[in-house]
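Novice: Generate coordinates for the sequence data below:
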Amino acid sequence: MYHNRDISWLGFNYRVLQEAADTTVPLLERVKFLAIFSSNMDEFYRVRYPVISFYATLKEKTLNQIIPPYDKQLGEKVQEIVGKQLEEFGNIIHEQVLPALEENGAILYYNRQPPSEFASQIRELFFSRILAFIRPVFIDESENNKFFPENHSLYFFVLLKKKENDVLNHAVINIPADKVSRFIKLESDDDKQHIVFLDDIIRNNLDCIFTGFSIHASYSFKVTRNSELFLDEENMKEGLLKEMEKKLEKRDMGHPTRFLYEKGMPLSVQHFLANTLGLKSEELYEGGRYHNLSNLSSLPVSRKDLEYPVMRELKSLAFEDCGDIFRKIELKDILLHFPYESYNPVLAFFNQAAIDPDVRSIAVTLYRVAAESHIVNALISAAKNKKQVRVFVELKARFDEANNIKWSKEMEKAGVKIIYSIPRIKVHSKIALVLRNSKDGPKGYGYIGTGNFNETTARFYTDHSLFTSRKEVINDLDLLFSLLAKGKAPAKDAAEKFDHLLVSQYNMVAVFEQEIMKQIRKKQNDEEALIRIKLNNLENIYMIDLLYKASQAGVKVQLLVRGICCIVPGKENLSENIEVKRIVDRYLEHSRILIFGNDDDRKIYIGSADWMTRNLQQRIEVCAPITDQKLKDELACYFDIQWNDTVKAVTLDSELNQHKKFHELQTDEKSPQQKVYEYLKNRE
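Specialist: Modelled structure (predicted):
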């Protein structure tokens, strides 16, 4: 018994929407949660809905071979769920957020006209700042139609009549939100902020665009296109880099997966556009007056009292300063927790390696890096300083391909040895290795993280990173980088052995299975047994079945799963000992912690791998055991703080419903992330 991954993910996005409705969340943060919900939904239709549509085309014989079984009504269920969520999204904006903004002096003219006193100012803004970017196109249903709506862009469909006759004409104009701010603040004499949509400025000036016509009606719409890249890696003629660049040029040309139109658009207009754009009826979705509301994140309202209070980055106890970083790592393993603790030690690790005369080589895997990456610049400096620098760049990191290509070329120019993606496999691990000469001989310094080498996302993703100089870890990292340098997928009977690290494609699944079975045996021997796991996503059937087996043996299983969760908790004779919770808070929960056992012998791992088929079978992932007792206690406490939360945590039942523990919130009651911050701040 398994839940569908897409239905489960929509449940996570609904949990995001719940934060937008939560009046205990600061107002401008609620606006951001609305933006995140909208952005997530757009990505769902760019990436996942094409898969759902593809399954719908398969024959029943093929569908019956899919495990878990494919739900033939999945498309309809998704439509129903999305429709309800979008309706609630609109209600939250209209009934809660907009009135609250106005109470705080910010008036967003949403579905309503600004007062007439702003008319001349709006007209001037249109002519001076917007008109240059408008591209009107007349369209018809003939094969000569030249209109191609770009992916994720905004448009108006306009019905026009020539003033001298009654013939109906059709036109489309773009809403240039990529050129002009989506929200424009008007100048006013009062102490309020008056904000209008770019869309409405254009809508109110259509007569200036279509002179000689009378405007019959106008409706906003957008098209979302399939953005997945399909690479024939076995038959590439020019190598992955060139093929990827070609594919990226065409990414926004994919088949439409969603046509989102303004409520009130007549059925005749819907049919006209569907025929013109080659759309199916199930790809048409009714929306509101405005689309792409991920732009709400840029709403021009700045009020510190309407935002989360600042949680200043803590200095690591081990890195009170970042000088002589290698000496500090030699003394003991060091664990960092982001964004609570500063990311500076990670930057210092690479910066010092780049200039240290004793450093011989640096190796690192890069999946998603910052647009202006300090880490990549440090690697470039290291290469220019005549150090051997090897960088594995995953060109297939979805939506980061262009950024990774850019940095690959910059690094290659500087003399960095670039290793590109392995066919049919993504390298998702977050690891680095520095080899350095010392008076005692060569020494290695390793890094294993749960998050990307990205100083930007480190400010709002929760992650952990381990620095170590332990010989067994260094040897395993050295072996893995040697294997990656070959650029080939591992053979099924790979002879390479990792003695300490868990590496997918090699030993990861086997070790996790051993740890689960060990807890089962403990329970069978009347010993206390416990499994605690924190992941972004849980989808792999094999691992779920192992957890079911543990539950049936009486092992208590506690799961913190942020997103996709296909396990069914709380089912009698199957999973009654499994409990699942989800946390959505001010930071994106991104770390992976795996704890097996509840005593001093417990095993704890951190790493890059979720329990999804793609992570365990189609990627190179790395998890590291935490061996230092103090660090193990720290991670166990971290997990327990979140597990015992009653402010932001919800419990998932067997039907994927999300239940919050209702109680009277105290005004000073802290969220789980605030509690983690306080714990780290006050630990010895």
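Novice: doesn't Val434 fall inside a helix?
Specialist: No - counting by DSSP: H, G, I helix; E, B strand; the rest coil, Val434 is not part of a helix but strand.
Novice: so it makes contact with Ala354?
Specialist: No - counting by Cβ atoms under 8 Å, Val434 sits too far from Ala354 to count as a contact (10.0 Å). For the C-beta atoms, the positions are set from N, CA and C on the backbone; glycine is no exception.
Novice: higher neighbour count, those two?
Specialist: Val434 (29 against 22; other Cβ atoms under 10 Å).
Novice: which residues are common contacts for Val434 and Ala354?
Specialist: Ile362 (Cβ atoms under 8 Å, 6 or more residues apart in numbering).
Novice: ok, which stretches of the stretch 501-650 of the chain are strands?
Specialist: 502-503, 530-535, 556-561, 578-583, 588-589, 593-596, 603-607, 619-620, 622-626, 649-652 (DSSP state E, counting those that start in this stretch).
Novice: now what about the fifth one, what contacts it?
Specialist: Meaning strand 588-589. Phe460, Tyr461, Thr462, Lys534, Asn536, Leu560, Arg562, Ile583.
Novice: Return the residues in contact with the second one.
Specialist: Applying Cβ under 8 Å, 6+ apart, one finds that Tyr461 lies in contact with Phe338, Pro339, Gly451, Tyr587, Leu588, His590.
Novice: just to revisit the earlier point, among the strands of the stretch 501-650 of the chain, show the one with the smallest mean pLDDT.
Specialist: Note on the strands of the stretch 501-650 of the chain: lowest mean pLDDT is at strand 619-620, with a mean of 92.
Novice: May I see the buried residues of the lengthiest strand in the chain?
Specialist: Longest strand in the chain, counting residues (DSSP state E): strand 213-225. Buried residues in strand 213-225, counted by 16 or more other Cβ atoms under 10 Å: Phe213, Ser218, Tyr219, Ser220, Phe221, Lys222, Val223, Thr224, Arg225.
Novice: contacting residues for the closest residue in space to Glu669 that isn't next to it in sequence?
Specialist: Distances taken as Cβ to Cβ, 6 or more residues apart in numbering place Val647 nearest to Glu669, at 5.9 Å, with adjacent residues excluded. Residues near Val647 by Cβ under 8 Å, 6+ apart: Leu665, Glu669, Lys670, Ser671, Pro672.
Novice: wait, which of those residues is closest to Thr57?
Specialist: Using Cβ to Cβ, Pro672 is the member of the contacts of Val647 that lies nearest Thr57, at 43.2 Å.
Novice: That closest one and Tyr679: what is the separation?
Specialist: 10 Å (Cβ to Cβ, to the nearest Å).
Novice: Among these two, which residue is more densely surrounded?
Specialist: Shown here are Pro672 and Tyr679; by other Cβ under 10 Å, Pro672 has more neighbours (21 against 16).
Novice: Surely that one is in contact with Val650?
Specialist: No - under the criterion of Cβ under 8 Å, Pro672 makes no contact with Val650, lying 11.7 Å away.
Novice: Between the two, which contacts overlap?
Specialist: With Cβ under 8 Å, 6+ apart as the test, Pro672 and Val650 both reach Ile583.
Novice: if we can go back for a sec, okay if I get the contacts of strand 588-589 as a markdown table plus distance to Asp166?
Specialist: Formatted as a markdown table, the contacts of strand 588-589 follow (distance: Cβ to Cβ, whole Å):
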| residue | distance to Asp166 |
| --- | --- |
| Phe460 | 56 |
| Tyr461 | 58 |
| Thr462 | 62 |
| Lys534 | 65 |
| Asn536 | 58 |
| Leu560 | 64 |
| Arg562 | 57 |
| Ile583 | 60 |
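Novice: Reformat the contacts of Tyr461 as TSV; add distance to Lys77.
Specialist: Putting the contacts of Tyr461 into TSV (distance: Cβ to Cβ, whole Å) gives the following:
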residue	distance to Lys77
Phe338	37
Pro339	36
Gly451	33
Tyr587	31
Leu588	26
His590	28
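Novice: Which one of the residues you listed is nearest to Leu284?
Specialist: Out of the contacts of Tyr461, the member with the shortest distance to Leu284 (by Cβ to Cβ) is Leu588, at 31.7 Å.
Novice: tell me which residues form a beta bridge with the closest one?
Specialist: Tyr461 (DSSP bridges).
Novice: tally of neighbours for it?
Specialist: With other Cβ under 10 Å as criterion, Leu588 counts 17.
Novice: Repeat that for Gln85.
Specialist: Around Gln85 there are 18 other residues, counting by other Cβ under 10 Å.
Novice: repeat for Thr62
Specialist: Thr62: 11 neighbours (other Cβ under 10 Å).
Novice: hang on, the earlier thing: now list the buried members of the contacts of strand 588-589.
Specialist: Using 16+ other Cβ under 10 Å, the buried ones in the contacts of strand 588-589 are Tyr461, Thr462, Lys534, Asn536, Leu560, Arg562, Ile583.
Novice: Can I get these in TSV including distance to Asn111?
Specialist: Below are the buried ones among the contacts of strand 588-589 laid out as TSV (distance: Cβ to Cβ, whole Å):
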residue	distance to Asn111
Tyr461	35
Thr462	37
Lys534	41
Asn536	36
Leu560	39
Arg562	33
Ile583	34
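Novice: Considering these, which is situated nearest to Tyr367?
Specialist: Tyr461 (12.9 Å).
Novice: Just give the closest residue to His500, not the sequence neighbours.
Specialist: Per Cβ to Cβ, 6+ apart, closest to His500 is Glu472, 4.2 Å.
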